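> Just a sequence and a predicted model for now, questions to come.
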Amino acid sequence: MKQLLVALWLALGLGAAAGAADPLGSSRWPDLQREYAGNAPVTFDSRVEVLAPKVAEDSMNVPVTIKFRNLPDVKRVLVVADFNPIVKVLDYQPLLAQPGLSFRIKLQQASPIRALVQTGDGKWYAGGVWVDAAGGGCTAPSTGRSAPDWASTLNQVQARVFHDGQNQRVRLRIMHPMDTGLAPGIPAFYIEQLAVEDASGEAMLRMETFEPLSENPVFSFDLPDTGKAALRVVGRDNNGNRIDAMVQP
Amino acid sequence: MKGLRTTTLSGVLLSAFAALAAPQVMAGVTDKDIEADAKTTTSILSWGMGTEGQRYSPLDKINVKNVKNLVPAWSFSFGGEKQRGQESQPLIINGKMYVTGSYSRLYALDAKTGTKLWQYEHRLPDGIMPCCDVVNRGAAAYGDLVIFSTLDAQLVALDQNTGKVVWKEKIDDYQAGYSNTAAPIIAKGLLLTGVSGGEFGVIGRVEARDPKTGKLVWVRPTVEGHMGYKYDAAGNKTENGISGTLNATWTGDLWKTGGAATWLGGSYDAKTGLAYFGTGNPAPWNSHLRPGDNLFSCSTVAIDVTTGQIKWHFQGTPNDGWDYDGVNEFVTFDMNGKRMGGKADRNGFFYVLDANTGKFERGFPFVNKITWAKGLDAEGRPIFDPANRPGDPAKSADGKKGESVFATPSFLGGKNQMPMAYSPDTGLFYVPANEWGMEIWNEPITYKKGAAYLGAGFTIKTIEDKYIGALRAVDPKTGKIVWEVTNNAPLWGGVMTTKGGLVFWGTPEGFLKAADAKTGKEVWSFQTGTGVVAPPITWEQDGEQYIGVATGWGGAVPLWGGDVAKKVNYLNQGGSMWVFKLHK
């Protein structure tokens, strides 16, 4: 009887993974699994850590850190927020970077924030936390929207580099309104591609970014130390405005 | 183009993303397709329904006999709160419509059903300075790209299938008064664009770019004295000769802020290899500050697309003192075995020129009343009436205001941005004309970057109560007006004509109308619910002929109301695409 039930589950296309309960107990999880992992099995794994405050002090700027230190051969990290009107936050390829990154997002309401991590063998691992939030982060106009000079600072990059002997931590801030398109009368306007290159033009990390990232988004990455060689930050927004900045160590 | 597989261009040009980029296979719209546009009924690839700008379709499924059965097929709202003037001419490619809207928006729709496929909304800075409403006149197509210009003077190329930005280039600094509203055109594999900003002392120019990348190929200034440039593949620029001769038609340094904005874009004739760009008024408006002809303002400039050199020019209004921009489209056509061009100038004269040489063939008024000139001489140069040039403020008692004159046409012109049509069947041009005048006077002015550079005051006036607008059928061989259909409000919407013997045009009162191309008898009309200030189009799909027009009242007329306001101030705004076909 039990075997028959399992067979039925499989026949219905729900798969074994669908049976794996979401440790965060979110009603959105089956949809997210279908949309972002193509219904492939996803293992909830403590090696994927998402660090964020329990309560968002500022729904427009919720700091998030993702770590996946002990997971080998990570190719891709998808960050999603279940109950945001725009779920996808970023899609990250670490390439040469150390296993982790930090950034800030907008939260519309209390929601799990998750990292879906895919390794070289195609397998998915997930981790996440609930963040409580007063709400409204995604449907409010950016402050840049009302500032008359946003166009003059658009896509300017501020950066700091910290060395610890082995790695360098790169912290970036990019001036951009990151409008979600959900505030009435304000079209979506956001950075959609970002990469850090070494002096030879080779990408050290690369990502696609989406509307829920905070206005003037901030990122931190750990990269192999490149000594005195400069790094280059390149990217563009959904209007085709370019980001191109040299970062001196 | 039919049957060609379309390839999705990956929207990434940066080296860091090269690994993600698909190989750029040339598919979709080709140069050959664009050259055959006017004859191809299933697509519309250029502003003008063919780069010659005839706005003539060889379709006759809808004709004088059955046009009464024309009914709406679908309507699409541009949405948002941005319902301002819609002056756009859509493109039709592989069953998809690409239409631009006010505030630098672009929509991709299923041409048969009106279903929205995607939309792109350009993020505009607060400080944009469009002179005459936040309009856009349409896009160009090349390969898998659809390319349009924005109010902050940028060019954006989008993937036809996804709406993703593939490249974006800045034409110039919007804070200095530059903007862009015209549809780019493709000629000999190059993307040709002009600039807007004639009221701010910008320098008019024509730019040629690689449509696949947006990289500059050449730049040709339209103010005499400025250097043209060529660019190699690496972007290095080299001098390509001065436009005209320095200080030949300008005194002192005034050419440095000379105006002559190419704000309506251009046309191109594959038979001559020339692109024809109209140029705006010289800056400032006060003509006493700039003695001389002020080339190449208020002219048609014919540019050899291969070299980026001016081959000829024809100036309608030398030393313009009335804001008679010569931007109006130069429409090429065959007449008496020769390739000619027709232009209904803002100054009220219709010019017929040799398209190869610019030689003046004929010129005649297409409006009832012209006061600024007594006529044209044998070369087509105006015979000025000095009494009707606004006076020099320096000669007035207090030096602050020159003598005011009443002049016709008004500064909004005998014809403005709304394009005319030409039918090879009837041999007639269909010109959307306006009858109005203005009170105009000059004031002292100095140039300040980013500030209006006029030096004139003006108010627009009606000439009679009955009408301002008049759609006129004009015979380029005789200069006769064969028929006219008058309209209470000024016409602002452009014209299209077909082998079906029909002429289509819209009115600010909201009607899209059709008339018999031979007689001018009105045979059909439809109330679209808001003013029409855009040119209609027609195409064929799955055996049926469609008619389309963007609707939405706006443009320059409501902004410069004067005495004309009472004919237009009750009109409501909108923002829609309307499409019609014969009901079965």
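It's in. In this text the structure is predicted, and so the values were computed from the model without any measurement. Numbers count the residues shown, from 1 in each chain, chains lettered A, B, ... in the order given.
> List the contacts of the residue positioned nearest the centre of chain A.
Nearest residue to the geometric centre of chain A (C-alpha atoms, centre = their mean): residue A:90, 3.4 Å. Neighbour list for residue A:90: A:77, A:78, A:79, A:103, A:207, A:208, A:209, A:210, A:213 [criterion: C-beta atoms under 8 Å, 6 or more residues apart in numbering or on different chains]. For every residue, glycine as well, the C-beta is placed using N, CA and C.
> please redo it, this time with the cut-off set to 7 Å
A:79, A:103, A:207, A:208, A:209, A:210, A:213 (C-beta atoms under 7 Å, 6 or more residues apart in numbering or on different chains).
> per-residue confidence for it?
If you check residue A:90, the pLDDT there is 97.
> picking that back up, out of the contacts of residue A:90, list just those in helices.
Using DSSP state H, no member of the contacts of residue A:90 sits in helices.
> Pick the one among the residues you listed closest to residue B:368.
Closest approach to residue B:368 among the contacts of residue A:90 (C-beta to C-beta): residue A:210, at 59.3 Å.
> separation between that closest one and chain B?
14 Å (C-beta to the nearest C-beta, to the nearest Å).
> In terms of helices and strands, where is residue B:362?
Element membership of residue B:362, judged by DSSP states H and E, is strand B:360-365.
> Which other helices and strands does the next helix or strand after that strand contact?
Per DSSP H and E, strand B:360-365 leads on to strand B:373-376 as the next helix or strand towards the C-terminus. Applying 3 or more C-beta pairs under 7 Å, 6 or more residues apart in numbering or on different chains; DSSP states H and E, we find strand B:373-376 packed against strand B:382-384.
> and the next element down the chain from the strand it packs on?
Sequence order places strand B:405-407 as the next helix or strand after strand B:382-384, per DSSP H and E.
> Mind giving me the packing neighbours of that following strand?
Counting contacts by 3+ C-beta pairs under 7 Å, 6+ apart, strand B:405-407 packs against strand B:436-442.
> which is the next helix or strand following the strand it packs on?
Taking DSSP H and E, what comes next after strand B:436-442 is strand B:456-462.
> after that following strand comes which helix or strand?
strand B:469-474.
> and that next one, which strands flank it?
strand B:428-434 (antiparallel), strand B:481-487 (antiparallel) (DSSP bridges).
> helix or strand for the residue nearest to the centre of chain A, which one?
Going by DSSP H and E, residue A:90 is part of strand A:88-93.
> Next one: the residue nearest to residue A:70 when sequence neighbours are not counted from residue A:71, what distance?
Spatially, and ignoring its direct neighbours in sequence, residue A:70 is nearest to residue A:47 (4.7 Å; C-beta to C-beta, 6 or more residues apart in numbering or on different chains). According to C-beta to C-beta, to the nearest Å, residue A:47 and residue A:71 sit 5 Å apart.
> which residues do these two both contact?
Residues touching both residue A:47 and residue A:71 (C-beta under 7 Å, 6+ apart): residue A:125.
> ok, and the closest non-adjacent residue to residue 138?
Looking at chain A here, since you left the chain open. residue A:108 (4.2 Å).
> Chain B, not that one
residue B:183 (3.6 Å).
> lowest-confidence helix or strand of chain A?
helix A:2-11 (a mean of 41; mean pLDDT, DSSP states H and E).
> So for the helix or strand of chain B with the lowest mean pLDDT, what gets flagged as buried?
Using mean pLDDT, DSSP H and E, helix B:565-568 stands out as the lowest-scoring helix or strand of chain B, at a mean of 88. Using 16 or more other C-beta atoms under 10 Å in any protein chain shown as the test for burial, helix B:565-568 gives B:567, B:568.
> ok, back up a step: which other helices and strands contact the strand holding residue B:362?
By 3+ C-beta pairs under 7 Å, 6+ apart, strand B:360-365 packs against strand B:349-354.
> Neighbouring strands - and their directions - for the strand it packs on?
strand B:338-344 (antiparallel), strand B:360-365 (antiparallel).
> May I have that strand exported as CSV, CA atoms only?
Listed next in CSV are the C-alpha coordinates belonging to strand B:349-354 (Å, rounded to 0.1, in the frame of the first residue of the first chain):
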residue,chain,number,x,y,z
PHE,B,349,5.5,77.2,-50.2
PHE,B,350,5.5,73.7,-51.8
TYR,B,351,8.8,73.0,-53.5
VAL,B,352,9.5,70.6,-56.3
LEU,B,353,13.3,69.9,-56.7
ASP,B,354,15.5,67.6,-58.6
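> interface residues of chain A facing chain B?
Residues of chain A lying near chain B by C-beta under 7 Å from any C-beta of the partner chain: A:148, A:151, A:185, A:187, A:189, A:193, A:195, A:197, A:201, A:203, A:206, A:234, A:236, A:238-241.
> from what I can see residue A:115 touches residue A:127, true?
Yes. Here residue A:115 reaches residue A:127: they are 5.7 Å apart, a contact under C-beta atoms under 7 Å.
> from chain B, which residue is nearest to chain A?
Across chain B, the shortest distance to chain A (C-beta to the nearest C-beta) belongs to residue B:168, at 2.9 Å.
> rewinding a little: common neighbours of residue A:115 and residue A:127, please.
Contact criterion C-beta under 7 Å, 6+ apart; residues shared by residue A:115 and residue A:127: A:48, A:50.
> got the phi/psi numbers for residue A:204?
Dihedral pair for residue A:204: phi -100, psi -30, per degrees, to the nearest 10.
> What is the neighbour count of it?
20 (other C-beta atoms under 10 Å in any protein chain shown).
> can I assume it is in contact with residue A:194?
No. When contacts are counted by C-beta under 7 Å, residue A:204 is not listed as touching residue A:194 (11.7 Å).
> what's the pLDDT at residue B:215?
Residue B:215 is assigned a pLDDT of 97 by the prediction.
> count of neighbours near it?
16.
> I figured residue B:61 hits residue B:546, correct?
No. Using C-beta under 7 Å, residue B:61 makes no contact with residue B:546, being 9.6 Å away.
> Between the two, tell me which one has more neighbours.
Of the pair residue B:61 and residue B:546, residue B:546 is the one with more neighbours under other C-beta under 10 Å, namely 24 against 17.
> who are the neighbours in contact with residue 76?
Reading this off chain A. A:91, A:93, A:118.
> not what I meant, chain B
B:109, B:114, B:116, B:576, B:577.
> hang on, isn't the last one packed against residue B:547?
No. Using C-beta under 7 Å, residue B:577 is not in contact with residue B:547, being 11.6 Å away.
> quick one on the thing from earlier: could you say which of the strands paired with strand B:469-474 is packed most deeply?
Compared across the strands paired with strand B:469-474, strand B:428-434 shows the largest average neighbour count, a mean of 28 (mean count of other C-beta atoms under 10 Å in any protein chain shown).
> now it: mean pLDDT?
For strand B:428-434, mean pLDDT rounds to 98.
> Next one: residue B:550 from residue B:42, what distance?
20 Å.
> Compare those two (neighbour count), which wins?
The residue with more neighbours, out of residue B:550 and residue B:42, is residue B:550; 34 against 16, by other C-beta under 10 Å.
> Who are the contact partners of the more buried one?
Residue B:550 sits next to B:86, B:88, B:90, B:99, B:534, B:577 when contact means C-beta under 7 Å, 6+ apart.
> So what's the predicted local confidence for it?
pLDDT at residue B:550 comes out at 98.
> What of residue B:457?
Residue B:457 is given a pLDDT of 88.
> Sweet, I'm off.
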